[in-house]
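# The sequence and its predicted three-dimensional model are supplied below.
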Amino acid sequence: MFNTPKNIRKFQCFVCARQFESFEEFVSHIVETHEEGTDYVLCPLERCKAPVRDVRSHFKVKHPTEKLPQKGMLKATVWRDVTPKGKIKKRKPKFREGWHHSTKMEKNFYYRSGYEKTVYECFDSWHEVLAYEAEPFQIPYIHEGQCHQYTPDVFIAFIDGHKEVWEVKPANQTLLEKNQNKWFSAKQACEARGWEFVVATEQVIQKLKKKVKNQFLDSPSEET
Ligand SMILES: [Zn+2]
Ligand SMILES: [Zn+2]
C-alpha cells in the first residue's frame with residue numbers, strides 16, 4: 001500500500017483505531033474484542049474470512065472475480081470512522097448509544113442501540129415488570145472450540161413471579177453462528193433455573209410497545 005520506507009504499513013482496527021504490526025494480530029484483536037454483526041462481519045469466502053465492515057466493497061478490492069454471496073450479513077451495523085491519526089471521527093447518528101435513566105429502578109442503564117433504549121422505556125412503564133437489570137451476568141459458551149463469556153442484555157422479574165432473560169438483536173443478526181452458540185448456552189442456563197430466554201427482534205419489540213401502550217385498556221385495541 002505504501003512504498004516509502006518511513007511509512008511502514010500498519011494494520012489499524014476499523015472499530016477502535018488500535019494499530020497492529022501483522023494482519024494476524026489485527027484479525028484476532030477484532031474477533032476477540034469487537035462484536036460480530038454490530039462492529040464487523042466476516043468475509044464469507046472460506047479461504048479469507050477477514051473481518052470487514054462492508055463485504056461488498058471488500059469483494060471489489062480483494063476478490064474482484066468472485067461472485068458476492070446472496071446470504072448473510074453484508075455490512076456491520078455500526079460504523080465508527082477513524083482518522084489516520086487514530087481519532088474516532090464520527091458515528092452514524094442513526095445508531096444510538098447512551099445512558100437511559102430508569103424511573104422504575106432509579107438507576108442508569110447503558111444502551112447500545114435504539115432497540116435497547118426502547119426496551120428499557122417499555123419495562124419502566126409496563127406495570128407487570130417488577131424489576132429489571134441490564135447486563136445482569138455472564139454465561140460461558142463455546143465458539144469455534146474456545147470458551148467465551150456472553151452477557152445477555154436484560155434480566156426481568158415480573159409481578160407474577162416468572163423471570164425472563166432478554167437479548168435484544170435485529171433479526172438479520174440472529175442466524176450468525178456466534179450468536180447461535182451464545183444463545184444455545186443461555187437457553188440451557190435459563191431453563192435450569194426456570195427462566196425464559198427471549199431473543200427480542202424488531203418484531204418482539206413492536207409487540208412489547210403495543211402491549212405497554214394498551215396495558216390499562218379492557219380489550220386490546222387493534223390500532224398499530
Ligand atoms: Zn479494535
Ligand atoms: Zn475476503
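That came in fine, so what should we check first? Ligands and ions are numbered 1, 2, ... in the order given.
# need the contact list for the residue nearest the centre of the chain.
Nearest to the geometric centre of the chain sits T38, at 5.0 Å (Cα atoms, centre = their mean). Residues near T38 by Cβ atoms under 8 Å, 6 or more residues apart in numbering: 76-78, 112, 173. Every C-beta, even on glycine, is put in place using the N, C-alpha and C of the backbone.
# can you list the residues of this structure near ligand 2?
43, 45, 48, 50, 62 (Cβ under 5 Å from the ion).
# among those residues, who's most crowded?
The residue in the residues of the chain next to ligand 2 with the most neighbours, by other Cβ atoms under 10 Å, is C43 (18 neighbours).
# Got phi/psi on that one?
Phi and psi for C43, reported as degrees, to the nearest 10, are phi -60, psi 130.
# tell me which element the closest residue to Y150 other than its chain neighbours falls in.
Nearest residue to Y150, sequence neighbours excluded (Cβ to Cβ, 6 or more residues apart in numbering): K182, at 4.1 Å. Using DSSP states H and E, K182 falls within helix 177-192.
# average model confidence for that helix?
For helix 177-192, mean pLDDT is 96.
# Stretch 43-52 too?
Stretch 43-52 comes out at a mean pLDDT of 92.
# does that stretch come close to ligand 1?
No. With Cβ under 5 Å from the ion as the measure, stretch 43-52 is seen stopping short of ligand 1, the closest distance being 9.8 Å.
# what comes into contact with that stretch?
Here stretch 43-52 has contacts from 27, 30-31, 34, 36, 40-42, 55, 58-59, 62-63, 66, 69, 72, 76, using Cβ under 8 Å, 6+ apart.
# Buried among these? Make that a PyMOL selection.
Paste this into PyMOL to select the buried members of the contacts of stretch 43-52, with burial taken from 16 or more other Cβ atoms under 10 Å:
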select buried, resi 27+30+31+34+36+40+41+42+55+58+59+76
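# Narrow the contacts of stretch 43-52 to those in helices?
Here DSSP state H is the test, and the contacts of stretch 43-52 give 27, 30-31, 55, 58-59, 62 as lying in helices.
# Among those residues, which one lies nearest to E133?
Nearest to E133 out of these is V31 (Cβ to Cβ; 28.3 Å).
# What sits closest to the closest one if chain neighbours are left out?
In this structure, V31 finds its nearest non-sequential neighbour in P51, 6.2 Å apart by Cβ to Cβ, 6+ apart.
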